[in-house]
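Participant: Quick one, fold the following:
(2 chains)
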Amino acid sequence: MMDQSLPDKAATVQLFHTCLINEFYPEVGMAVVHILERLGIRVEVPLDQTCCGQPAYNSGFLEETKKVAVKNLEVLSSTEGAIIIPSGSCGDMIIHQYRILFAENPDLLKKVDKVSRRCYEFSQFLVDVLGITDLGARLKARGAYHPSCHLLRGLKIKDQPKILLENIAELEMVEFEDPEECCGFGGMFSIKNPEISGRMMDNKISNLQASKVDMVISCDMGCLMHLEGGLHRKGSQIRVRHLAQVLDSGVD
Amino acid sequence: MSHFSDRVDKALADDNLSEALKKATSQLVSRRSTAFSSLEDAENLRDIARNTKMKILHNLEDNLLKFEKSLQKNGSHVHWAKDAEEANNVVIEIAQKQAVKKIVKSKSMLSEEIHLNTALIKAGMQVVETDLGEYIVQLAGDKPSHIIAPIIHMTREDVGNLMHDRLSVPFSDEPEVLTRIARRKLRQEFLDADMGITGANFGVVETGSICLVTNEGNARMVTTLPKIHVVLIGIEKLVATFEDLNRFLKLLARSATGQKLSVYTSIIQGPGKGTETGPEEVHVVLVDNGRSGMLGGDLAESLACIRCGACLNVCPIYKNIGGHAYGDTYAGPIGSIITPGLRGLAQWHELPAASTLCGACKEVCPIRIDIPKMLLKLRQVTPPKVKASISLRMAIKCFAVIAGIPKVYKGFTAFGSRLLRFLGSKSWLTNNIPLLDRWTKVRDFKTPAKKSFQRMWQEKIAKDGK
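Facilitator: Here you go, the predicted structure:
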């Protein structure tokens, strides 16, 4: 991982809320805000932020991705402080893929460098930057943690979410089979290859069901939206939760 | 040739296949990880192997000419083949010169790639595969479905039934019994054959050696019993020295089968000289068949592949659809690069798109080949007309414009959200809704929230009086 400068703990942070959280899961964004504000951090939301560009990028539309990414960079560049991204996938896009995208444009590359050094995935920010592992949360449930691929292998964030989850009172974290295997979402893959995507989702869901969990917790709403759609179709009682929602449970 | 999605449907409908794949891949994955944990300095070894391979590829022409000289010094005949047809013709010509009737083979992916068996049979020769898996594939009139485990798609029962049908032996699903039957059948074939054909795991430039890695010992029969031995080797398979070879062998066996070293490692250095064992003639055919076209380009890194199959075993796509669904010799993540690389993207553009870019392949590749990066690259160079429908292309173009203008973007997403909520009327869309039907085919669609995060945020600010 690249060298990222540590921001002043009490400083203002910018929330890059991601498209899925904005439109489908606003409560996740609010949970992130609650947690950060409780820690005495001033949260700002750049209202002009836009999509990170990953759907177009992963579909092979380079020029279109660049247009979106340039806008996003411009908006983020005009802000100050750490940028908190509650998504491994959007985080990997901005932190790693923007460099590849603009490799031949020195000016933009400088901008990418400045912005990406300020970017942190949510759990990474809490554990690695703030040094916080216990947020005093309480939640009576059996949970399973699904490490999303871009968080795990793109940003190499493996232990941070687990440490935070272990410290939630009454939450029993359960192991399940093949936790690190992709759930089958893969952005546009889920639409281009619904049959394979569906089979991968079924595998993940059966493994979760076999462990008799109440909820599956992850740091990416993409995986969770896909899994939730599958769980709903199957009439399963298993709920999906972003890490932030769980960490925001049972705290006044 | 059938359509990729038809092959996928067929694979997904085959319960027997799923069961066979699940068992075999999980076993290979766990063996690999155990074997790697016993390897001191594994990460460093991977780095060195990668650098060595990339160095060779960078200067491939010179290395090939050096290799040719070393081979000739050992008394081997060297042939060059630019494509499948030339390669097949070279082998047929060698065979015809010595009036060869029966040929025994030991596993060669390259011979699969160029459809050598078909060409030899057409030229009037009999060809017998002698690796157990390949032998079974040949009995079944099938194709291998994995780089190192060609019948990974079959269960023990499948093999038992096949042998019972084709060889008129009593049914058994005991591996020992089945192996004994094959062994008995193959023994005579080795003795009768006039020519042996093998692939090559590595060619050592410095010494002109051909290295073959096997677990069954049949390759030793193929390379020593018949009077002619023909080696088919892809031009990318070179390593510089024996020291390098040693490193690659450590990585190959561990990545492929989780062994520290394969049971047999054969080094072939020209024909048997006079009283020594070994064939009278050794012919080495250096095959290009599209490889040189990949050199120096975006896919060049894939030429460093040592065919261990580790990326297949961890790939959640491969694990569910198996090798045949990929439609050509090389399956799995690496196959999704090599096949379009060798055969052209036009017919094979669906392979690079059939990945979630989860990165598991890159994580296990002993040579650290950046497979996801190349899959992405292939998606980028796929002509827009081929990679997406008109509606999707328009949608992405509009999205790029709209996402660049915050006010319009916000208005657009708000409108989209309202539209979806209207269509769904409840919180979930379960039917086939235009544009979303490929989502709702396998899962329900959650309709957008009534209030977006940004709206909640603005209300909060107003309330907090910030």
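Participant: Please give the element, helix or strand, for residue B:154.
Facilitator: Secondary structure from DSSP states H and E places residue B:154 outside every helix and strand.
Participant: quick one: it and residue B:20 touch, right?
Facilitator: Yes - the pair residue B:154 and residue B:20 passes the contact test of C-beta atoms under 8 Å, sitting 5.9 Å apart. In short, each C-beta sits where N, CA and C put it, glycine included.
Participant: Report the spatially nearest residue to residue A:175, omitting neighbours in sequence.
Facilitator: Nearest non-adjacent residue to residue A:175, counting by C-beta to C-beta, 6 or more residues apart in numbering or on different chains: residue A:211, 6.9 Å away.
Participant: Kindly confirm my reading that residue A:84 is in a helix.
Facilitator: No - Residue A:84: not assigned to a helix; according to DSSP: H, G, I helix; E, B strand; the rest coil it is strand.
Participant: How about the residues of the stretch 201-350 of chain B by chain A?
Facilitator: Proximity of the stretch 201-350 of chain B to chain A (C-beta under 8 Å from any C-beta of the partner chain) is limited to residues B:316-317, B:320-321.
Participant: Contacts only, for the one residue sitting closest to the centre of chain A.
Facilitator: Nearest to the mean C-alpha position of chain A, counting by C-alpha atoms, centre = their mean, stands residue A:87 at 1.5 Å. The contact partners of residue A:87, taken as C-beta atoms under 8 Å, 6 or more residues apart in numbering or on different chains, are A:18, A:20-21, A:121-122, A:219-222.
Participant: Mind checking which of the residues you listed land in helices?
Facilitator: When DSSP state H is applied, the contacts of residue A:87 are split such that A:20-21, A:122, A:221-222 fall in helices.
Participant: Report the closest residue of the stretch 1-150 of chain A relative to chain B.
Facilitator: The nearest approach of the stretch 1-150 of chain A to chain B comes at residue A:60, 3.1 Å away (C-beta to the nearest C-beta).
Participant: burial measure for that residue, as a count.
Facilitator: Residue A:60 has 25 neighbours, counted by other C-beta atoms under 10 Å in any protein chain shown.
Participant: Report the secondary structure element holding the residue lying closest to it once chain neighbours are set aside.
Facilitator: In space, not counting the residues next to it along the chain, residue A:60 is nearest to residue B:379; the distance is 3.1 Å by C-beta to C-beta, 6+ apart. Following DSSP H and E, the helix or strand that holds residue B:379 is helix B:371-381.
Participant: name the helices or strands packed onto that helix?
Facilitator: For helix B:371-381, the contact count by 3 or more C-beta pairs under 8 Å, 6 or more residues apart in numbering or on different chains; DSSP states H and E identifies helix A:54-58, helix B:332-343, helix B:350-353, helix B:360-364 as packing neighbours.
Participant: Tabulate the CA atom coordinates of the third one in CSV.
Facilitator: Yep, that's helix B:350-353 we're talking about. As requested, C-alpha coordinates have been extracted for helix B:350-353 and formatted as CSV (Å, rounded to 0.1, in the frame of the first residue of the first chain):
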residue,chain,number,x,y,z
GLU,B,350,-16.7,-13.1,-23.5
LEU,B,351,-13.9,-14.8,-21.6
PRO,B,352,-12.3,-11.6,-20.2
ALA,B,353,-15.8,-10.3,-19.3
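Participant: low-scoring pLDDT stretches of chain B, where are they?
Facilitator: Low-confidence segments of chain B (pLDDT under 70): B:275-276, B:424-425, B:466.
Participant: For it, which segments are assigned as strands?
Facilitator: According to DSSP state E, chain B carries its strands in the segments B:77-81, B:102-105, B:126-129, B:195-198, B:202-204, B:209-214, B:228-234, B:238-239, B:264-268, B:281-287, B:428-429, B:445-446.
Participant: of all these, which lies closest to residue A:164?
Facilitator: Between residue A:164 and those, the shortest separation by C-beta to C-beta is 25.3 Å, and it involves strand B:445-446.
Participant: Each with direction, which strands does the closest one pair with?
Facilitator: Taking DSSP bridges as the criterion, strand B:445-446 forms sheet pairs with strand B:428-429 (antiparallel).
Participant: what about residue 26, how many residues close to it?
Facilitator: Chain wasn't specified; assuming chain A. The local packing count at residue A:26 equals 21, with neighbours defined by other C-beta under 10 Å.
Participant: try again with chain B
Facilitator: 15.
Participant: same thing with residue B:73?
Facilitator: When neighbours are counted by other C-beta under 10 Å, residue B:73 registers 12.
Participant: measure the single nearest residue of the stretch 51-200 of chain B relative to chain A to residue B:132 for me?
Facilitator: Nearest residue of the stretch 51-200 of chain B to chain A: residue B:153, at 15.7 Å (C-beta to the nearest C-beta). As judged by C-beta to C-beta, to the nearest Å, residue B:153 and residue B:132 stand 15 Å apart.
Participant: where in chain A is pLDDT low?
Facilitator: Along chain A, the model assigns pLDDT under 70 to residues A:1-10.
Participant: that older thread, can you name the helix or strand that the residue of the stretch 1-150 of chain A closest to chain B falls in?
Facilitator: Taking DSSP H and E as the definition, one finds residue A:60 inside no helix or strand.
Participant: and it, what is it in contact with?
Facilitator: Taking C-beta under 8 Å, 6+ apart as the definition, contacts of residue A:60 comprise B:376, B:378-382, B:387.
Participant: By neighbours, which of these wins?
Facilitator: Busiest of the contacts of residue A:60 [other C-beta under 10 Å] is residue B:378, holding 24 neighbours.
Participant: what about the residue nearest to that one when sequence neighbours are not counted, how many neighbours?
Facilitator: Using C-beta to C-beta, 6+ apart and skipping residues adjacent in sequence, the residue nearest residue B:378 is residue B:352, 3.8 Å away. The number of residues packed near residue B:352 is 26, by other C-beta under 10 Å.
Participant: Next, the contact list for residue B:352, please.
Facilitator: Remark: with contacts taken as C-beta under 8 Å, 6+ apart, residue B:352 is in contact with B:336-337, B:340, B:374-376, B:378-379, B:382.
Participant: try 6 Å
Facilitator: Under the criterion of C-beta atoms under 6 Å, 6 or more residues apart in numbering or on different chains, the contact partners of residue B:352 comprise B:336, B:375, B:378-379.
Participant: Give me the phi and psi for the closest residue to the residue of the stretch 51-200 of chain B closest to chain A other than its chain neighbours.
Facilitator: For residue B:153, the nearest residue in space outside its immediate sequence neighbours is residue B:145; the separation is 4.5 Å by C-beta to C-beta, 6+ apart. With angles defined as degrees, to the nearest 10, residue B:145 shows backbone torsions of phi -120, psi 10.
Participant: Residue B:145 touches residue B:324, doesn't it?
Facilitator: Yes - the pair residue B:145 and residue B:324 qualifies as a contact (C-beta atoms under 6 Å) at a distance of 5.1 Å.
Participant: Looking at the two, which has the bigger crowd around it?
Facilitator: Taking residue B:145 and residue B:324 together and counting by other C-beta under 10 Å, residue B:145 has the greater number of neighbours (27 against 19).
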